[in-house]
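**Q** Fold the following.
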Amino acid sequence: MNLEEKQYYDIKSFCDNLLTDFFLFLYVSEKTMATYRRALKQLFSFLHSNNISKPKYDDILLFKKTLEARSCKSATIALYLAATRRFFSWCEQKNIFPNVAVGVKAPRQERGHKRDFLGAKLLKLVLSTIERETLEGKRNYAIMALMSVGGLRTIEVSRANVEDIRILGDFTVLYVQGKGRKDRTEFVKLP
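**A** As a prediction, this is how the structure comes out:
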């Protein structure tokens, strides 16, 4: 029996229960779960506002075009489509609904570094404007120095703890937990 001959459910009629079961199935981190939840909320909002109860491949393409028309970044669209494809793949595995998202491709994303760097003069100016008399000021200066001199991401700085500062040979280093990582295996030399 092919997919067209199977009797599938109306996706709108049990959307909340369906999502609950889907999230129980996923074996991902809480952050990934929150991202999927946000993405699928957009999908179901789109389906509801367009009165679509039995989505088809063309509806998922329209969802993609709607995201593009709202000027969503290509990385955001790619993420929303990845969640959509995974959701419909799960639905098909459970014989709930056909995988209507298979083959829907994400938009091309630019590769490479997307931001300009601060020159030495501008960096000195920025660092000199940070007040360093209070504990908060010292913290802010340390954050800016780590990000600018050490090249750390915001997430790496926010995850840093005092215990992550160690001596390695002749250098003082900070072990960092990078984006998408669970362990602190990489380090940067501290100035």
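**Q** quick one: average confidence on stretch 178-191?
**A** When pLDDT is averaged over stretch 178-191, the result is 78.
**Q** hmm, which helix or strand of this protein has the shakiest average pLDDT?
**A** Across the helices and strands of the chain, mean pLDDT, DSSP states H and E gives its lowest value to helix 15-25, namely a mean of 77.
**Q** what residues go with each domain of this structure?
**A** As assigned by automatic domain parsing, the chain contains the domains 11-93, 120-189.
**Q** which one of those is the most hemmed in?
**A** domain 11-93 (a mean of 15; mean count of other Cβ atoms under 10 Å). For every residue, glycine as well, the C-beta is placed using N, CA and C.
**Q** what residues does the least confident helix or strand of the chain touch?
**A** Residues outside helix 15-25 that contact it (Cβ atoms under 8 Å, 6 or more residues apart in numbering) are 11, 33, 36-37, 40, 44, 87, 90-91, 94, 96.
**Q** How far away from the center of its chain is it?
**A** 20 Å (Cα atoms, centre = their mean, to the nearest Å).
**Q** Tell me who's in contact with the closest residue to residue 159 other than its chain neighbours.
**A** In this structure, residue 159 finds its nearest non-sequential neighbour in residue 177, 4.6 Å apart by Cβ to Cβ, 6 or more residues apart in numbering. By Cβ under 8 Å, 6+ apart, residue 177 lies in contact with 156, 159, 183-184.
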